[in-house]
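Novice: When you get a sec, could you give me coordinates for this:
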Amino acid sequence: MADSDVLTFPPVELASDEELVQAVREIPLVRDAARLAEWTGVREVTEHGLLTVGDARAAVTELGLNAKRLHLLWVVAVNGRLIEITREGARPGPGVPEPMEFWDGVVMDVLDRTDEGLTGSSVVDEHLTEILATIYSVRDGMPLGALATGILQAHEVGCEARQAELKRLRMTLPGELAEAMDLLVYCGLIELPGDLVRLTQPGVWAVRRDLLREGHDAPSLREVAGFAELTAAELIDSMLVGKASASAATLWLEHRMPEDAARELIKIAASGNAAQRGTAGTILEELGPEAEHAVREALGEPMMWRYAAAWLGVRDLDAPALGEGDGAWVAVDTLAALLYIGAPADSAAHFDILGEDLLTLVPEMGRVDHPDALAVLEMLGRHHPDVVVAKIARKTAMKVRSRP
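Specialist: Presented below is the predicted three-dimensional model:
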């Protein structure tokens with residue numbers, strides 16, 4: 001099963017390598033780091049490998065730099081090998097031969113400075129990677145006001161901020177955010193067309209690189225374009241064998257009318273196995289009320305109506321009520337997917353997907369009319385790490401086998 005910590009981001013269109021390299025060279029931070037390196041030449045440095053106080057002042061004055069950004073520029077120049085620090089002092093470095101690797105290092109240097117008060121706002125610094133990921137997920141940019149609201153919500157939930165602090169932040173955050181955005185523009189990560197904020201092309205490249213490094217699903221359009229032309233059955237099979245990710249499904253949906261996509265998915269779910277049904281259901285969850293009519297038609301499908309009812313109910317649409325027996329049926333179907341995808345049966349993590357008390361659920365599972373009920377009970381009986389749950393599952397399976 002998929003790692004619940006893995007986030008899925010919409011596919012992005014990347015600029016060509018030539019365009020990216022040219023754009024990186026024009027970034028103010030990169031240009032200033034190169035100018036600082038050229039100005040420094042061969043020079044004595046402090047015991048910490050930094051410019052002396054006098055030289056730092058001279059660099060700011062002679063190069064017209066922002067004094068607050070001098071340390072960041074020095075770090076970028078040294079880590080990007082524009083400057084080498086030796087026992088004798090600073091001297092010109094060889095640079096990083098691959099421009100995009102240099103840019104990746106620049107961005108990591110920027111993000112690593114959040115502990116030192118990078119943007120001037122402790123809240124923005126604390127949530128900076130989340131902020132960049134949020135902007136990344138909105139292709140056409142997002143209003144600065146919406147971004148500020150999102151930061152406040154993330155701070156309230158993630159940091160358990162008190163109301164007094166939130167009240168203060170509502171007053172100060174707009175100004176802090178404006179200053180932080182100005183720095184990120186200087187760093188080449190974002191641009192501000194009007195009241196919107198969006199990533200630059202080098203920013204898209206760098207944030208995607210960071211997301212991939214963290215193990216998230218962040219494909220390029222080129223990587224998933226072919227999946228848009230698949231049938232629902234082909235898409236689901238590709239996802240089950242790991243060839244396609246959730247982002248491919250998002251692109252697949254974007255190329256279809258919601259009702260048409262829902263009907264294709266429901267057809268596979270109603271006639272396929274539990275793994276296919278679960279995958280189809282996951283894709284269906286991305287559709288909104290515009291797919292209602294197609295989903296409502298699925299209420300007549302024996303293997304699908306419970307999912308259809310839940311889908312409608314979650315969206316506050318009229319739907320039949322589900323009882324305890326239906327919950328047990330869905331539990332069987334959920335665990336049965338493990339049988340069809342060949343998941344390691346002895347992995348305890350797989351049994352946590354229900355998030356329920358199996359001691360009371362397992363007997364209910366033995367009473368439902370599901371074609372995989374016995375197989376699921378036998379799997380629980382053989383492999384569940386809780387000996388009590390395993391024993392109950394074996395007893396329940398015995399009862400199921402003894403039925404006429």
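
Novice: Point out where this structure drops to low pLDDT.
Specialist: Under the criterion pLDDT under 70, the flagged ranges of the chain are 1-4, 156-162, 343-356.

Novice: Now do the domain split for it, please.
Specialist: With domains defined by automatic domain parsing, the chain comprises 17-100, 115-213, 223-314, 332-401.

Novice: can you pull the contacts of the closest residue to residue 150 other than its chain neighbours?
Specialist: Residue nearest to residue 150 in three dimensions, not counting chain neighbours: residue 134, with 6.1 Å by Cβ to Cβ, 6 or more residues apart in numbering. (Each C-beta comes from the backbone N, C-alpha and C, glycine too.) Neighbouring residues of residue 134 by Cβ atoms under 8 Å, 6 or more residues apart in numbering: 142, 147, 150.

Novice: Buried deepest among the domains of the chain, which one?
Specialist: domain 223-314 (a mean of 19; mean count of other Cβ atoms under 10 Å).

Novice: re earlier: just tell me which of the domains of the chain ends up closest to residue 106.
Specialist: Evaluated over the domains of the chain, closeness to residue 106 peaks at domain 17-100, with 5.4 Å, by Cβ to Cβ.

Novice: For that closest one, measure first residue to last.
Specialist: One end of domain 17-100 sits 8 Å from the other (Cα to Cα, to the nearest Å).

Novice: follow-up on the earlier one: can you tell me how far the residue nearest to residue 150 is from residue 264?
Specialist: Residue 134 sits 31 Å away from residue 264, going by Cβ to Cβ, to the nearest Å.

Novice: all strands for the stretch 1-150 of the chain, in order.
Specialist: Ranges of strands in the stretch 1-150 of the chain, per DSSP state E, counting those that start in this stretch, are 83-86, 89-92, 142-143.

Novice: mind checking which of these is nearest residue 217?
Specialist: Nearest to residue 217, of all those, is strand 142-143, at 20.6 Å by Cβ to Cβ.

Novice: The closest one - contacts with which helices or strands?
Specialist: Under the contact criterion of 3 or more Cβ pairs under 8 Å, 6 or more residues apart in numbering; DSSP states H and E, strand 142-143 touches strand 196-199.

Novice: ok, the strand it packs on: who's next to it in the sheet?
Specialist: Looking at strand 196-199 with DSSP bridges, its partner strands are strand 142-143 (antiparallel), strand 190-191 (antiparallel).

Novice: Residues touching the first one, excluding its own?
Specialist: Contacts of strand 142-143 with the rest of the structure, by Cβ under 8 Å, 6+ apart, involve 134-135, 195-198.

Novice: thinking again about what came up before, could you export the strands of the stretch 1-150 of the chain to CSV, including columns for distance to residue 155?
Specialist: Output for these, formatted as CSV (distance: least, Cβ to Cβ, whole Å):
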stretch, distance to residue 155
strand 83-86, 37
strand 89-92, 40
strand 142-143, 17
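
Novice: how about those strands, which one is nearest residue 6?
Specialist: That would be strand 142-143 among those, by Cβ to Cβ, at 23.0 Å.

Novice: Name the nearest residue to residue 140, sequence neighbours excluded.
Specialist: Nearest non-adjacent residue to residue 140, counting by Cβ to Cβ, 6+ apart: residue 198, 7.0 Å away.

Novice: my bad, residue 298
Specialist: residue 308 (3.9 Å).

Novice: Correct me if wrong: the one you found contacts residue 299.
Specialist: Yes - under the criterion of Cβ atoms under 8 Å, residue 308 makes contact with residue 299 at 5.1 Å.

Novice: Which two of the contacts of strand 142-143 have the greatest separation?
Specialist: Farthest-apart pair in the contacts of strand 142-143 is 134 and 195; separation 16.3 Å (Cβ to Cβ).

Novice: that older thread, CSV for the domains of the chain, including distance to residue 320?
Specialist: Shown next, in CSV, are these (distance: least, Cβ to Cβ, whole Å):
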stretch, distance to residue 320
domain 17-100, 53
domain 115-213, 34
domain 223-314, 5
domain 332-401, 17
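
Novice: Among these, single out whichever gets nearest to residue 9.
Specialist: Closest approach to residue 9 among the domains of the chain (Cβ to Cβ): domain 115-213, 5.4 Å.

Novice: Any idea how far apart the tips of that closest one sit?
Specialist: One end of domain 115-213 to the other measures 20 Å (Cα to Cα).
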